[in-house]
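Visitor: coords please:
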Amino acid sequence: MQAAVFYGPQQELRLEEVELDAPCEHEVLVRTVASGVCYSDLHFVEGHYTIPAPAVLGHEAAGIVEAVGSAVMDVALGDRVIACLSVFCERCMSGEPFLC
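Guide: Next up is the predicted model:
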């Protein structure tokens, strides 16, 4: 798959071909159709936050499940999903994520 790879602060992201492993027991492989770029990503690029490089940034993705690990029970192949690595607060869990 292609990804914009981060190599360090103040450097341009490079569009490259990357290889992914099959999902482990509790993992899901999602073919990303769209991904938001938020200030967290910008902070890495500007050097305000640190992360080991190389890395693929982005944690606000939407896509289609392509593979699931053996212990995954909540989603199946072909499901359309969104991903966010944030912990959900009371507002999110009560159906008002826009107030988070």
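Visitor: how far away is the residue nearest to Leu57 when sequence neighbours are not counted from Gly69?
Guide: With C-beta to C-beta, 6 or more residues apart in numbering as the criterion, Leu57 has its nearest non-adjacent residue at 4.4 Å, and that residue is Asp41. From N, CA and C alone the C-beta is placed, and that goes for glycine too. In this view, Asp41 and Gly69 are 26 Å apart by C-beta to C-beta, to the nearest Å.
Visitor: go on, Gly95?
Guide: 29 Å.
Visitor: in this structure, spot the helix with the most residues.
Guide: Longest helix in the chain, counting residues (DSSP state H): helix 39-46.
Visitor: which one of Gly95 and Gly69 is surrounded by more residues?
Guide: Using other C-beta atoms under 10 Å, the more surrounded residue of Gly95 and Gly69 is Gly69, with 13 against 8.
Visitor: that one against Asp21, yeah?
Guide: No: using C-beta atoms under 8 Å, Gly69 makes no contact with Asp21, being 11.0 Å away.
Visitor: tell me the pLDDT at the residue positioned nearest the centre of the chain?
Guide: Closest residue to the average C-alpha location of the chain: His59 at 3.3 Å, with C-alpha atoms, centre = their mean. What the model reports as pLDDT for His59 is 77.
Visitor: from Gln10, how far out is it?
Guide: Distance from His59 to Gln10, by C-beta to C-beta: 21 Å.
Visitor: what does Arg80 give?
Guide: The gap separating Arg80 from Gln10 is 36 Å, by C-beta to C-beta.
Visitor: which residues in this protein form strands?
Guide: With strands called from DSSP state E, the chain shows them at 2-6, 14-17, 28-36, 55-56, 60-68, 80-84.
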